[in-house]
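Peer 1: give me the fold of what follows.
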Amino acid sequence: QVRLVESGGGLVQAGGSLRLSCAASGRIFSNYAMGWFRQAPGKEREFVASISWSGGSTYYPDSVKGRFTISRDNAKNTVFLQMNSLKPEDTAVYYCAAVTTTAQIVGAFRRVDYWGQGTQVTVSS
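Peer 2: Numbers count the residues shown, from 1 in each chain. The predicted model follows:
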């Protein structure tokens, strides 16, 4: 069992930045690729970013590419999502996700083994 706890959400103006953190506990953190999803009211949960166990591979959808950066610190069992140039359409609950894999290359997650509880990000216009 892996427990994921997000933090860092909040209210920010359009064009601003936020940094989300996700602290993991329970299993060997480096056994997992990590990622972020988001869900806006009335919409399906959307993949946002992923990072391989080593941090050597990352993947983003076009909607956030160039604005969001995912990173991880395996020594601290933490994954981060740096969000810059935020837009009102980025408003959502952001969820941390873990996938059991030691693959060197990651893409969009099609399955998730563990979810965090979510943190709200609100971008005002």
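Peer 1: what about the protein, any weak spots by pLDDT?
Peer 2: By pLDDT under 70, the chain contains no weakly predicted segment.
Peer 1: secondary structure element for the most centrally placed residue in it?
Peer 2: Closest to where the C-alpha atoms of the chain average out (C-alpha atoms, centre = their mean) is residue 36, at 2.4 Å. Using DSSP states H and E, residue 36 sits within strand 32-39.
Peer 1: that strand - contacts with which helices or strands?
Peer 2: strand 18-25, strand 46-51, strand 68-73, strand 78-83, strand 92-100 (3 or more C-beta pairs under 8 Å, 6 or more residues apart in numbering; DSSP states H and E). Backbone N, C-alpha and C define where each C-beta goes, glycine included.
Peer 1: which parts of that strand are buried?
Peer 2: 32, 33, 34, 35, 36, 37, 38 (16 or more other C-beta atoms under 10 Å).
Peer 1: could you do stretch 19-36 as well?
Peer 2: Across stretch 19-36, burial judged by 16+ other C-beta under 10 Å covers 20, 21, 22, 23, 24, 27, 29, 32, 33, 34, 35, 36.
Peer 1: likewise stretch 56-74?
Peer 2: 58, 59, 60, 64, 68, 69, 70, 72, 74.
Peer 1: so which residues make contact with that stretch?
Peer 2: Outside stretch 56-74, the residues that touch it by C-beta atoms under 8 Å, 6 or more residues apart in numbering are 29-30, 34-36, 46-53, 55, 78-86, 90, 104-108.
Peer 1: in the sheet, who's paired with the residue nearest to the centre of the chain?
Peer 2: Assessed by DSSP bridges, residue 36 has beta-bridge partners residue 49, residue 96.
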